[in-house]
Every structure is written in structure tokens, then in C-alpha cells.
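K.L.:
Let me see the structure of the following:
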Amino acid sequence: MRRVGAIDCGTNSIRLLIADVAADASALTPVTRQMQIVRLGEGIDVTGRITDEAMQRTLAAAEGYAALCRREGCEQVRFVATSASRDAANAEDFVAGVRGAFADFDVHPEVISGAEEAQLSFAGATGRLRADDAEPPFLVVDIGGGSTEFVRGTTEVEASASVDIGCVRMHERHLHDDPPTEDQVWAALSDIVRAIEEVAQTVDLSDIGTVVGLAGSVTTVTAHALALGSYDPTKIHGAELAVEEVIAACTDLLLMPQSRLRELPFMHPGRIDVIGAGALIWRTVVQRVAHDSGLTQVRASETDILDGIALSLAD
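P.N.:
Residues are numbered from 1 along each chain as shown. As a prediction, the model looks like this:
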């Protein structure tokens, strides 16, 4: 076993997994998981730049993660970043900041290809499903801040697609009121449906045996459906819910004013304004896959691309 650090820096959050991985990548034992809402992609859809405030928040979090990796004795660290870290006009400043924070690990932000992102997410999310003899083929849906990834496979990826519908992007583009108006919801829904149609040209959404959702929007919806008294990953991970329960929980969060969202005991403060958009995306995906595949239940997973990144560092 070797100790490694995996970092996933997305549009909305930056997350860390420190884990011990077997040399042949057959096993992973988490040491710690951490997440901070930093909104690296805040406003970038309009300006094309990472704001100074977002840059400072994200680099401060990166420095904290680097210190923790040193303290926990990580032998190697891998930092995977959203395309904003490559495409923004001031991306070089972000890259330099990350390299400085992790100088002793020789780390730089990797903007990986869609194919590699799909493989890492699939590997991280489906290990338990295969161990539990869940019915294949699997459809892994990873809802991020700026985009959503769809990955279909059994033991390996068969098809994947990434589309620009994420909780931050849909919130900033459409859901401006608190709660959003009917017209705003319909406008966002139009984008989401169009994107899923695009996905369906590449990823077959029929005959899916098990659909599993990843990331904060899905896990928060799951916590709401389970009526948890606090955010409890042990109860969320692997939770299997009826399609009707998921749709009801998504609709509830979409239409709930932020004053009430703030009172939910499992709600992360940094997710309050964008959970409605994330819930709308997840609801629409679940409805489409249930229609095309006849599924009656969906799963949530706390393991995802972070676990795949950590496993990729095995000897």
C-alpha cells in the first residue's frame, strides 16, 4: 500500500482524498476526504476570466490541502482541474499558484480529456456496484458546477459524453430569483433536455441496469429524500431510492426558498443558491433514463472521480 493524495478542482468546489492504495489498484482505503466550496468558475461563463476573489479562495484551499498531504505522508499527489484552469484568460496565474503550493510534490493542474475523466469517474463509482453484484450495464452521471458527465459501461467504459449543464452554470444562466420563477425553470429545463438529447446520440440510455449519481447535487438530493438530520456519507453512499422519491425531493429543493434551504441540517452553506439547478438536472436525467430503460430505482455514490484519481497513482 502507498499513501497518495487526489485533488479534484471543479467549477464549484475543490475536493481532496488522501488514501492508501494497493500496488495493483485492487483496493483503496480512505484516510480523509475534504471539500470546500470555492466557486472557481464564478462568472467565467460571461467574463472568460477567473475572478481575483475566486482565485484567492481556490489557491488558499490548495495550500491547505498541500499542507495536509505533507502532514499525512503522501508519496504522490495528483491535481485534476476543470477546463476553466486552462481556458480562462488568466489561467497561467492559477497554474503558477497551484505549482507553488505543491512545489515539493511537483504537481500542476491537469485538465484531462473527456475520455480520461469518464474512465476515472467510472472506476471510482462502480467498484462497490460490481462488488455488490448490481445489475449492469451501469450509467454513471456526474453533475458538476459547469458540466455533467454521462458514462456507460460494465467493467470498462463503453461510451461517454460531457455536456455544459452544471449547477453553477444553470443557476447563473437562468435561475436568478429566489425561488426561481416558472419561466426561469422552463428556460433551464430547455437547456437540460437539449443537452440530454445530445448525450443520447453517443451514450445509449436504454437497457441500463443501474444508474448511479455522483457529486454534491445528487448526494444533497439523496440526503433530503432520506430526511437526514445531518449530512451522513455512510447513509448516502449506496442509497437506493425509488424514482418517484428522487423526483419529489428534486422538485422540493428546486422550489424551496433559500431561507428554508438554509435551515436544512444536511445542506452545505456553499450549495444553497445552486442546489435548485442541480436538483433540476438530476430530476430530468432520472426521468429520461427511467423512461428509456424502465428503471424504478436509482443510486447515489460518495465515491467518484476522486477515488479514480487515487487509484491511478497505484504503482
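
K.L.:
quick one, strands of the stretch 1-150 of the chain?
P.N.:
Counting by DSSP state E, counting those that start in this stretch, the segments of the stretch 1-150 of the chain that form strands are 2-9, 13-21, 28-37, 76-81, 138-143, 148-153.

K.L.:
Just the angle for the third one relative to strand 2-9, thanks.
P.N.:
So the one you mean is strand 28-37. Compare the direction of strand 28-37 with that of strand 2-9 by axes from the mean of the first three to the mean of the last three C-alpha atoms, to 10 degrees and you get 30 degrees.

K.L.:
quick one: strand 28-37 to chain centroid distance?
P.N.:
The offset between the C-alpha centroid of strand 28-37 and the centroid of the whole chain comes to 14 Å, using C-alpha atoms, centre = their mean, to the nearest Å.

K.L.:
one step back: could you export the strands of the stretch 1-150 of the chain to TSV, including columns for mean pLDDT and mean neighbour count?
P.N.:
Bear in mind the C-beta positions are built from the backbone N, C-alpha and C, glycine included. Putting these into TSV (pLDDT from 0 to 100; neighbours: other C-beta atoms under 10 Å) gives the following:
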stretch	mean pLDDT	mean neighbour count
strand 2-9	95	24
strand 13-21	94	23
strand 28-37	92	15
strand 76-81	94	22
strand 138-143	93	26
strand 148-153	92	25
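
K.L.:
Would you mind giving those as TSV with distance to residue 104 added?
P.N.:
Below are the strands of the stretch 1-150 of the chain laid out as TSV (distance: least, C-beta to C-beta, whole Å):
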stretch	distance to residue 104
strand 2-9	12
strand 13-21	16
strand 28-37	19
strand 76-81	9
strand 138-143	31
strand 148-153	32
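
K.L.:
Can you check which of those gets nearest to residue 263?
P.N.:
Go through these one by one with C-beta to C-beta and the one that ends up closest to residue 263 is strand 28-37, at 18.2 Å.

K.L.:
Does anything pack onto the closest one? Which helices or strands?
P.N.:
With contacts defined as 3 or more C-beta pairs under 8 Å, 6 or more residues apart in numbering; DSSP states H and E, the secondary structure elements packing on strand 28-37 are strand 13-21, helix 52-71, helix 305-311.

K.L.:
what are the C-alpha coordinates of it, in PDB please?
P.N.:
The C-alpha coordinates for strand 28-37 follow below in PDB (Å, rounded to 0.1, in the frame of the first residue of the first chain):
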ATOM      1  CA  LEU A  28      -8.300   1.700  -1.700                       C
ATOM      2  CA  THR A  29      -8.500   2.700   2.000                       C
ATOM      3  CA  PRO A  30      -9.600   6.300   2.600                       C
ATOM      4  CA  VAL A  31      -7.600   8.300   5.200                       C
ATOM      5  CA  THR A  32      -9.500  11.600   4.900                       C
ATOM      6  CA  ARG A  33     -11.900  13.300   2.500                       C
ATOM      7  CA  GLN A  34     -12.400  17.100   2.400                       C
ATOM      8  CA  MET A  35     -14.400  19.500   0.400                       C
ATOM      9  CA  GLN A  36     -14.500  23.300   0.200                       C
ATOM     10  CA  ILE A  37     -16.900  25.400  -1.900                       C
END
